[in-house]
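>>> need a 3D model of the sequence below.
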Amino acid sequence: MHIEVVYGAPVTPVRCRLNLPMGSTVGDAVRACGLLEQYPEINLNRNRVGIFGRLVSQAAPLRDGDRVEIYRPLQADPKEARRRRAASARKRAMA
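Here you go, the predicted structure:
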């Protein structure tokens, strides 16, 4: 079956196309594409994975045509970032 693995690397996104046997899992695809060796910052205990934007476990079975996505960890807590933006906007409004 034809599978695509993508990783949003910091500089440029990376795409890897594979042919895997039926019954392969998301984890199999990630290991088979070689991105773990190319990008040592990928840690499958920390980085989440998904299929077409939907979070799945590494044990999730694949279907022909699936796109496996490796997500990078968030750089900032979204709630904290919003608080900072709101505080900054309040300061500008008062000035």
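
>>> so where's the chain shaky on pLDDT?
For the chain, the stretches flagged by pLDDT under 70 are 75-76, 95.

>>> how much space separates the most centrally placed residue in it from Leu44?
A centroid search over the chain (C-alpha atoms, centre = their mean) returns Tyr71, at 1.5 Å, as the residue closest to the centre. Distance of Tyr71 to Leu44, computed by C-beta to C-beta, to the nearest Å: 11 Å. Every C-beta, even on glycine, is put in place using the N, C-alpha and C of the backbone.

>>> anything in contact with each of the two?
Listed as contacting both Tyr71 and Leu44 by C-beta atoms under 8 Å, 6 or more residues apart in numbering is no residue at all.

>>> centre of the chain to the helix ranked longest in the chain, how far?
With residue count as the measure and DSSP state H as the assignment, the chain has helix 78-94 as its longest helix. The chain centroid and the centroid of helix 78-94 are separated by 28 Å under C-alpha atoms, centre = their mean, to the nearest Å.

>>> show me the strands in this protein, by range?
2-7, 14-19, 49-51, 54-56, 67-70 (DSSP state E).

>>> follow-up on the earlier one: give me the buried positions along the longest helix of the chain.
Of the residues in helix 78-94, none count as buried by neighbour count, 16 or more other C-beta atoms under 10 Å.

>>> how about that helix as CSV, C-alpha atoms only?
Output of helix 78-94 as CSV, limited to C-alpha atoms (Å, rounded to 0.1, in the frame of the first residue of the first chain):
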residue,chain,number,x,y,z
PRO,A,78,-1.5,28.7,23.8
LYS,A,79,-3.3,30.0,26.9
GLU,A,80,-0.2,31.8,28.2
ALA,A,81,0.5,33.3,24.7
ARG,A,82,-3.0,34.6,24.5
ARG,A,83,-2.7,36.2,28.0
ARG,A,84,0.5,38.0,27.0
ARG,A,85,-1.1,39.3,23.8
ALA,A,86,-4.2,40.5,25.7
ALA,A,87,-1.9,42.2,28.3
SER,A,88,0.1,43.9,25.5
ALA,A,89,-3.1,45.1,23.8
ARG,A,90,-4.4,46.5,27.1
LYS,A,91,-1.2,48.5,27.6
ARG,A,92,-1.4,49.9,24.0
ALA,A,93,-5.0,50.9,24.5
MET,A,94,-4.1,52.8,27.7
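
>>> great, nothing more from me.
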